[in-house]
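1. build me a structure from this.
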Amino acid sequence: MQTILFLCDGNTCRSPMAEYLCNHMAAGLPLRAASAGLFTMDGLPMSAGALKALQGAGVDGSPHRSRALLPDMLGADWIFCMTEAQLQSLAARYPCPQAQRLAAYDISDPYGGSLSLYQNTLNQIRRALQARLAEISAAARE
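-> Prediction:
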């Protein structure tokens, strides 16, 4: 079973949307996604906008509660940050050679924005996940 860890700042918008969408998209594959925040506390619910955007995609994110990044989480096979700044922050705290940005561009932070902003962010995540899941599948076949 391969593991993916998605990271963002607060673990209430981008990284949990990526986690739940990834697990939905990879259903039936030997893959499990989780998420955490670089600058958060444990136990916060997913933001209302993120929940609604996921619901619109047929994914239930309501069980999510934020988790602060702990060193033992860095054993994941794949670690994806939402922005270059987050990747640099992670690198400054922990040596983590398998960490990368999820996309070639920064995934925008929808926090506090409109539902359409959350939907746009979810679409950015979906496109990036499609490419990353293809990459992960190809690496698993090697």
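
2. buried ones in stretch 11-30?
-> Neighbour-count burial for stretch 11-30 flags 11-26 (criterion: 16 or more other C-beta atoms under 10 Å). Every C-beta, even on glycine, is put in place using the N, C-alpha and C of the backbone.

3. just stretch 47-59 next, same as before
-> So stretch 47-59, judged by 16+ other C-beta under 10 Å, has buried residues 47, 49-51, 53-54, 57, 59.

4. how about stretch 126-142?
-> Those would be 128-129, 132-133, 136, for stretch 126-142 by 16+ other C-beta under 10 Å.

5. return the distance of that stretch from the chain's centre.
-> Here stretch 126-142 is found 14 Å from its chain centre; the criterion is C-alpha atoms, centre = their mean, to the nearest Å.

6. so where's the longest helix in the chain?
-> Of all the segments of type helix in the chain, defined by DSSP state H, the longest one is helix 115-141.

7. what's that one packed up against?
-> Counting contacts by 3 or more C-beta pairs under 8 Å, 6 or more residues apart in numbering; DSSP states H and E, helix 115-141 packs against strand 2-8, helix 14-25, helix 48-56, strand 78-81.

8. stretch 88-106: end-to-end distance?
-> Taking C-alpha to C-alpha, to the nearest Å, stretch 88-106 runs 13 Å from one end to the other.

9. now that stretch: buried residues?
-> 89-90, 96, 99, 101-103, 106.

10. and which of those residues is nearest to R32?
-> For R32, the nearest member of the buried residues of stretch 88-106 is L102. The distance, counting by C-beta to C-beta, is 16.6 Å.

11. which ones are touching that closest one?
-> 6, 18, 80-82, 125, 128-129, 132 (C-beta atoms under 8 Å, 6 or more residues apart in numbering).
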